[in-house]
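**Student:** Take this sequence and fold it.
(2 chains)
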Amino acid sequence: MIQLSYLDYSAVEGKSRLHRLSPKWKIMGMAFVLLLIVTVRNVPGLFLLYLILLALFLGSRIPLKIFSLTFYPLIFAILFIFISGFEPLFILLIFLKVLCGSTGVVLLLATTPYPSIFSFLGKFLPSIFVTALFLTYRSIFILLSVFEETQHALHLRGGIQWRHPWRSLSNVSNAFGHLIIQGIDASEKMYEAMILRGFKDKIHYRGE
Amino acid sequence: MRYALFLEEESMSHIHLPDGVLPIWLWGLGYVVAILVGVILFRFIKREDLTRRLPLLGMMAAAMVLGASVEIVPIAYHVNLTVISGILLGPSLTFLATFVVNVILALFGHGGVTVIGLNTLILSIEGILGYFLFRILWRVLKRLTPAVFLATFLSLLASTLSMIGVVSLGTAHYEELIHQEKKGIIGFEFGKEKEDHQEKTIPGKEVNLKRFIAIVLPLGFIGWVLEGVITSLIARYIYRLRPDLLKLGGNTA
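**Tutor:** Modelled structure (predicted):
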């Protein structure tokens, strides 16, 4: 989750050409990448696409720490190895498709501030969905600070230990319970603040 | 062992299907069904109630995103929190929360964009079924911990089985992908998943779903138990501090 702050920082503070490009074009570019992922069915074609995305990633000077995010979906793709009967080209094809998809979306989020993405989505999705997206994204940062505090407290007091798995499990569950209760309290305050500011079903984004 | 743990973390309860793996008709259908389910569920909730509970929905969705990204170090597991979200939010809001979670996870690269519809359907099974099972089990057992544990365990079992069902629907597509290695540099193929794949089948290169199921179910079992225990402990903690949130309307043991 620490990468989230890097993503946000990169999207807002980045100065590359891709950062300066209109969100509309970047989202359309991502849609084109997805079209290629679902239609291209051979390794060289997908490898070429992956190289292009890698070049864009490096060219946009995005913090390399974020790059590890693109490997995450491979965890599920590994399960497809067992489906194919360990057929190497099929595995390579699936891995490249997965890597192209994840590199594309991470590239989009690391070069485009999230309000721009959500407000573009607002042209197609009902306002209630987009408002829920905005509120969730905002809430992640609120809960993240609560969670980090709780996590530090747990570590300092030896709350998570290999030798005591049951106690660790109980402590972690209590931490999540604490997180949920804090989140619910914060959501009530957030709703009051939103009503005070004239909230009516929809959050309006004024652009850059 | 390291590999087993690596798979265990992600495949047990919150499996996120990536892009480019499933056939177009399948993920397209996923979007259609998700929209239909969303429309039906939102008929059961008042607009004012939905607006009032949006910040709560945002917080619970954020908790699910955080849960999916925080590893419990000693046991190498990521929590899901869909069932506890279902219990706290109710079925309609859980569905919207699951959709939002999948959109945000897809933007982080933790799941496919094309399969948001299918992922929403699979994950929301946990939340919605968890809500109803918890209500029924609570009435029958009158004990919080076993009711939450069983509701979580059974909901995760159902969602894993539905994931296996979704993956198995794409069998013809995987076979076609396996047997078209010798095509041109860029082979655009719209809606040809089922075409002549049987003629090209080479012995030993068939799709093997049994092996996939044999890997997923045992690992899944560990995940269902762990998630059940964690959700029960979370529910117990919430009950101690804010029993009103669980809307139990009676005493518990």
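
**Student:** So chain A: which segments form each domain?
**Tutor:** Under the assignment automatic domain parsing, the domains of chain A span A:2-112, A:123-196.

**Student:** Figure out how far the first one is from the centre of its chain.
**Tutor:** Here the centre of mass of C-alpha atoms in domain A:2-112, compared against the chain's by C-alpha atoms, centre = their mean, to the nearest Å, lies 12 Å away.

**Student:** Same check on stretch A:191-208?
**Tutor:** Averaged C-alpha coordinates place stretch A:191-208 at 24 Å from its chain's average position (C-alpha atoms, centre = their mean).

**Student:** in that stretch, what's buried?
**Tutor:** Counting neighbours by 16 or more other C-beta atoms under 10 Å in any protein chain shown, one finds that the buried residues in stretch A:191-208 are A:191, A:194, A:199, A:203. Yep, even glycine has a C-beta here, placed from its N, CA and C like the rest.

**Student:** what ranges do the helices span in chain A?
**Tutor:** With DSSP state H as the criterion, chain A has helices at A:2-13, A:17-20, A:23-39, A:43-59, A:74-77, A:79-84, A:88-111, A:114-121, A:127-156, A:165-196.

**Student:** Check which residues of the longest one are buried.
**Tutor:** Right, the one you point to is helix A:165-196. A:168-184, A:186-187, A:190-191, A:194.

**Student:** just the first one next, same as before
**Tutor:** Taking 16+ other C-beta under 10 Å as the basis for neighbour counts, the residues of helix A:2-13 that come out buried are A:3-4, A:6-8, A:10-11.

**Student:** So what angle separates the directions of the longest helix belonging to chain B and helix A:165-196?
**Tutor:** For chain B, the helix with the greatest residue count under DSSP H is helix B:209-241. On the basis of axes from the mean of the first three to the mean of the last three C-alpha atoms, to 10 degrees, helix B:209-241 is oriented at 70 degrees to helix A:165-196.

**Student:** Can you say which of the helices of chain A is packed in most?
**Tutor:** Comparing the helices of chain A by mean neighbour count (mean count of other C-beta atoms under 10 Å in any protein chain shown), helix A:88-111 ranks first with a mean of 24.

**Student:** rewinding a little: can the domains of chain A go into CSV with extra columns for distance to residue B:38 and mean pLDDT?
**Tutor:** Converted to CSV, the domains of chain A look like this (distance: least, C-beta to C-beta, whole Å; pLDDT from 0 to 100):
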stretch, distance to residue B:38, mean pLDDT
domain A:2-112, 22, 86
domain A:123-196, 9, 84
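
**Student:** Distance to residue B:89 added to these, as TSV?
**Tutor:** Below are the domains of chain A laid out as TSV (distance: least, C-beta to C-beta, whole Å):
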stretch	distance to residue B:89
domain A:2-112	23
domain A:123-196	10
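
**Student:** and the ones you listed as CSV, adding distance to chain B?
**Tutor:** Shown next, in CSV, are the domains of chain A (distance: least, C-beta to the nearest C-beta, whole Å):
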stretch, distance to chain B
domain A:2-112, 3
domain A:123-196, 3
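
**Student:** Perfect, I'm done here.
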